[in-house]
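Undergrad: I would like to see how this sequence folds:
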Amino acid sequence: MLEIQPVCSNSAFLWKLWIYTNYDCNLRCSYCVAKSSPNAPRRMLGLVNVKRLVDEATELGFSEIYFTGGEPFILNDIYEMLDYSSQKIPTTVLTNAMILRGSRLERLTEIANDNLVIQVSLDGATPIQHDAYRGRGSWEKAVEGIRLLQERHLQFKLSTTETPANTAHLDEICDFHRNMGIPDKDHFVRPLAKRGYSKEGLELDMTNLNPEVTVNVDGVFWHPLSTDEDMQISRTIFPLSGAVEKIQKQLDSIALTGSSVMTTFT
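TA: Numbering: from 1, shown residues only. Reported below is the predicted structural model:
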């Protein structure tokens, strides 16, 4: 859920790392903050860079790593990325679960461990609530993917983006996941943000978002909500410590201007 927290120069929120593995996706969600789609350039970060990021994040004391896209499971080497990361640090991968079938599901099952969590997007208890922003037929395939994860006893949680299509039905979504045997602790709701393709939602930027170090092929960014230029911290990825230092200085500057609260969006 959306939380408001005080700015603190030593806050642990600095130590959550997000990795944009790619930008191409099997869906074209109308609220996508990353502007991902089947036609989007891949902009792949690559296995070598990911491994180095995991190593540096571990050395720096990051507490978690999140893999996002695009749809990460489009990539053939996503399994090696997740395996490498989850052997060292708690790791979460975001997915729409629609293509987790056949060999993809088998390979994911092979690398499953207590440190690896799959985060699935589910925006409704019915197709009308979910498909309005994510595309016709996506709800049915997402629910099927969730059931397949359950059958394999894989660790997963659900993420819901609140939209005009589902805001009056959030209780129904909760009832739905409870009936599937998914506890409340494994489901969270976040607000719509006016970024990327989205023309509605919260106006968020570096001045009102708690930083969560985010990396893509173009550099390091303030938060995974957006890899737009106004959120960019560094045009170079390595060393990661350099970007962390810049973020800390920016936080200190914000604090000096009198901003006492920022938003934790993810």
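Undergrad: all contacts plus neighbour counts: C-alpha atoms, from now on.
TA: Noted.
Undergrad: what does the model give residue 256 for pLDDT?
TA: At residue 256, the predicted lDDT confidence score is 78.
Undergrad: How about the one 3 residues further on?
TA: With respect to pLDDT, residue 259 scores 57.
Undergrad: With residue 91 instead?
TA: 98.
Undergrad: what are the bridge partners for it, then?
TA: residue 65, residue 116 (DSSP bridges).
Undergrad: how about it, what does it touch?
TA: Residues in contact with residue 91 (CA atoms under 8 Å, 6 or more residues apart in numbering) are 64, 65, 66, 67, 82, 85, 115, 116, 117.
Undergrad: which element is the fifth one on?
TA: Mapping residue 82 onto the secondary structure by DSSP states H and E places it in helix 78-86.
Undergrad: which helices and strands sit right next to that helix?
TA: Secondary-structure packing of helix 78-86 (3 or more CA pairs under 8 Å, 6 or more residues apart in numbering; DSSP states H and E): helix 47-60, strand 91-95, helix 102-111.
Undergrad: mind running it again at 10 Å?
TA: The contact analysis (3 or more CA pairs under 10 Å, 6 or more residues apart in numbering; DSSP states H and E) places helix 78-86 against helix 47-60, strand 64-68, strand 91-95, helix 102-111, strand 116-121.
Undergrad: closest to residue 196 out of these?
TA: strand 64-68 (15.1 Å; CA to CA).
Undergrad: Run the chain-centre distance for that closest one.
TA: Centroid separation between strand 64-68 and its chain, computed with CA atoms, centre = their mean, to the nearest Å, is 7 Å.
Undergrad: who are the neighbours in contact with the closest residue to residue 53 other than its chain neighbours?
TA: Of all residues not flanking residue 53 in the chain, residue 240 sits nearest, at 7.3 Å (CA to CA, 6 or more residues apart in numbering). Residue 240 sits next to 52, 53, 56, 57, 60, 213, 215, 219, 220, 234 when contact means CA atoms under 10 Å, 6 or more residues apart in numbering.
Undergrad: same check, this time on residue 36
TA: With contact taken as CA under 10 Å, 6+ apart, residue 36 is in contact with 22-30, 42, 69-71, 196-197.
Undergrad: distance of it from residue 103?
TA: Applying CA to CA, to the nearest Å, the value for residue 36 to residue 103 is 24 Å.
Undergrad: Which of the contacts of residue 36 fall within strands?
TA: Judged by DSSP state E, the contacts of residue 36 include no members of strands.
Undergrad: By neighbour count, which of those wins?
TA: When neighbours are counted by other CA atoms under 10 Å, residue 70 leads the contacts of residue 36 with 31 neighbours.
Undergrad: Local confidence estimate at the closest residue to that residue other than its chain neighbours?
TA: Nearest residue to residue 70, sequence neighbours excluded (CA to CA, 6+ apart): residue 23, at 3.9 Å. Here, the pLDDT recorded for residue 23 equals 98.
Undergrad: Check the gap between residue 23 and residue 223 for me.
TA: Taken as CA to CA, the span from residue 23 to residue 223 is 16 Å.
Undergrad: repeat for residue 93
TA: Distance of residue 93 to residue 223, given as CA to CA: 16 Å.
Undergrad: quick one: which of the two has more around it?
TA: With neighbours defined as other CA under 10 Å, residue 93 and residue 223 compare such that residue 223 has more, 25 against 22.
Undergrad: List the contacts of that one.
TA: Residues near residue 223 by CA under 10 Å, 6+ apart: 16-18, 205-206, 209-215, 231-233, 264-266.
Undergrad: Quickly list what it is bridged to.
TA: residue 226.
Undergrad: Read off the pLDDT value for it.
TA: Confidence score, pLDDT, at residue 223: 96.
Undergrad: change the start of the numbering to 7 and stick with it
TA: Right, with 7 as the first residue, what we last looked at is residue 229.
Undergrad: so how far is residue 135 from it?
TA: 27 Å.
Undergrad: And residue 46, by the same measure?
TA: The value you get for residue 46 to residue 135, if CA to CA is used, is 25 Å.
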